[in-house]
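Enquirer: Here is a sequence together with a model predicted from it:
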Amino acid sequence: MSAFRVGRITVIGVGLIGGSLALALKDAGFVGEVVGCGRGKPNLETALKLGIIDRYERDPQKAVDGADIVFLATPVRSLAAMVAEIAPALKAGAILTDGGSVKEEVLREIKPLVPAGVYFVGGHPIAGTEKSGAEAAFASLYKGKRCILTPDAQTDVDALEIVTAMWQAAGSEVVCMSAEKHDRVLAAISHLPHMVAYSLVNAVGSYDHYEENILEYSAGGFRDFTRIASSDPSMWRDIALANQSALIEMMEQFETFFAELKEDVRKGDTERLFEFFARSKQMRDAIL
């Protein structure tokens with residue numbers, strides 16, 4: 001019997017998320033072989049050279065052949081099409097899971113495509129950077145971070161246990177919740193901040209009071225705050241569309257508080273401005 005918990009894992013999308021998981025599981029001795037799959041051969045060659053994967057296949061069906069676990073790390077709006085493509089090649093008993101930042105739409109589209117005898121467990125590791133590609137991957141990305149799994153009444157208990165063990169081996173604290181709760185929580189703590197960062201960069205970059213680009217004067221505060229606006233535009237386009245309802249709700253919540261702050265500044269209301277900033281500081285300090 002193999003000393004590894006899982007014999008073979010196929011990672012479709014060997015970038016920051018998929019590549020880091022592969023490295024973490026290799027370091028933990030959780031998997032015997034990692035097969036990579038993706039659109040770009042240069043990126044796969046890089047992943048092979050860096051030891052992230054043991055081999056790769058450009059054809060998704062060949063990549064998942066014989067895999068015990070298939071981890072989908074592609075943009076959320078491409079996941080269903082990928083599952084439809086690989087479904088005929090998945091072996092009986094295989095576990096299919098993902099790292100998508102949106103869960104309700106993903107589960108709704110994927111579940112009908114999963115063949116009988118194959119098990120799907122929705123997941124989302126709460127970790128990342130603004131970088132992408134195999135070169136961005138590192139084994140400690142998930143250490144001390146949370147991974148949310150979104151099982152429902154139809155989720156196979158044994159498959160859930162294995163996916164939980166996989167993320168724990170990568171160093172994550174695993175939390176289970178409904179897909180609906182996940183999407184609302186992530187709209188607040190992740191999706192909204194990205195929308196604000198992208199908007200802020202556009203607002204400042206488009207300021208035309210002076211001939212020069214004032215972004216050239218940006219220092220630590222602006223650069224730290226807007227770091228996430230360097231994230232992959234395709235990925236965030238898909239997230240915005242896939243989690244549209246929850247995201248709009250949070251954007252409207254943000255607009256309410258920003259309008260309050262704008263009015264306090266307009267009026268020069270010293271007391272209300274201090275109260276606004278103090279309340280925010282208290283809540284921010286509480287999560288450190």
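Expert: That came through, no problem. Residues are numbered from 1 along each chain as shown.

Enquirer: Which secondary structure elements does the helix or strand hosting Phe71 sit against?
Expert: Per DSSP states H and E, Phe71 falls inside strand 69-72. If contacts are counted by 3 or more C-beta pairs under 8 Å, 6 or more residues apart in numbering; DSSP states H and E, strand 69-72 sits against strand 6-12, helix 79-86, strand 95-98, helix 157-169. All C-beta atoms are positioned from the backbone trio N, CA, C, and that covers glycine.

Enquirer: I'd like those as TSV, with mean neighbour count appended.
Expert: Output for the helices and strands packed on strand 69-72, formatted as TSV (neighbours: other C-beta atoms under 10 Å):
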stretch	mean neighbour count
strand 6-12	24
helix 79-86	20
strand 95-98	25
helix 157-169	18
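
Enquirer: need the ones you listed in TSV with distance to Gly117 and mean pLDDT, can you?
Expert: Formatted as TSV, the helices and strands packed on strand 69-72 follow (distance: least, C-beta to C-beta, whole Å; pLDDT from 0 to 100):
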stretch	distance to Gly117	mean pLDDT
strand 6-12	17	97
helix 79-86	14	97
strand 95-98	11	98
helix 157-169	11	97
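
Enquirer: Rebuild these as a markdown table, extending it with distance to Ser132.
Expert: Putting the helices and strands packed on strand 69-72 into a markdown table (distance: least, C-beta to C-beta, whole Å) gives the following:
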| stretch | distance to Ser132 |
| --- | --- |
| strand 6-12 | 14 |
| helix 79-86 | 17 |
| strand 95-98 | 17 |
| helix 157-169 | 21 |
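
Enquirer: in the chain, which ranges drop under the pLDDT threshold?
Expert: Along the chain, segments meeting pLDDT under 70 span 1-4.

Enquirer: residue boundaries of the strands in it?
Expert: When assigned using DSSP state E, the strands of the chain occupy the ranges 6-12, 31-37, 55-56, 69-72, 95-98, 119-121, 123-125, 146-149, 173-176.

Enquirer: Give me the contact list for the shortest one.
Expert: Read that as strand 55-56. The contact list for strand 55-56, computed with C-beta atoms under 8 Å, 6 or more residues apart in numbering, reads Val14, Glu33, Val35, Gly36, Cys37, Gly38, Leu44, Ala47, Leu48, Ala63.

Enquirer: Scan those residues and report the most crowded one.
Expert: Ranked by neighbour count (other C-beta atoms under 10 Å), those have Val14 at the top, with 31 neighbours.

Enquirer: how much space between it and Met283?
Expert: When C-beta to C-beta, to the nearest Å is the yardstick, Val14 and Met283 sit 38 Å from each other.

Enquirer: Check Ser132 too.
Expert: Ser132 is 31 Å from Met283, by C-beta to C-beta.

Enquirer: Check Glu109 too.
Expert: Applying C-beta to C-beta, the value for Glu109 to Met283 is 36 Å.

Enquirer: Show me which of these two is the more surrounded one.
Expert: In terms of neighbours (other C-beta under 10 Å), Glu109 is the more surrounded of Glu109 and Met283; the figures are 17 against 9.

Enquirer: would you turn the strands of the chain into CSV with distance to Leu192?
Expert: Below are these laid out as CSV (distance: least, C-beta to C-beta, whole Å):
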stretch, distance to Leu192
strand 6-12, 28
strand 31-37, 32
strand 55-56, 36
strand 69-72, 25
strand 95-98, 22
strand 119-121, 26
strand 123-125, 16
strand 146-149, 17
strand 173-176, 20
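
Enquirer: Surely Met195 and Ala240 touch.
Expert: Yes - shown here, Met195 and Ala240 form a contact pair, counting by C-beta atoms under 8 Å, at 7.2 Å.

Enquirer: any idea what sits nearest Arg272, other than its immediate chain neighbours?
Expert: Using C-beta to C-beta, 6 or more residues apart in numbering and skipping the chain neighbours, the partner closest in space to Arg272 is Asp264 (4.5 Å).

Enquirer: contacting residues for that neighbour?
Expert: Contacts of Asp264 by C-beta under 8 Å, 6+ apart are Arg272, Leu273, Phe276.

Enquirer: Just the buried residues of these.
Expert: If you count burial by 16 or more other C-beta atoms under 10 Å, the buried members of the contacts of Asp264 come out as Phe276.
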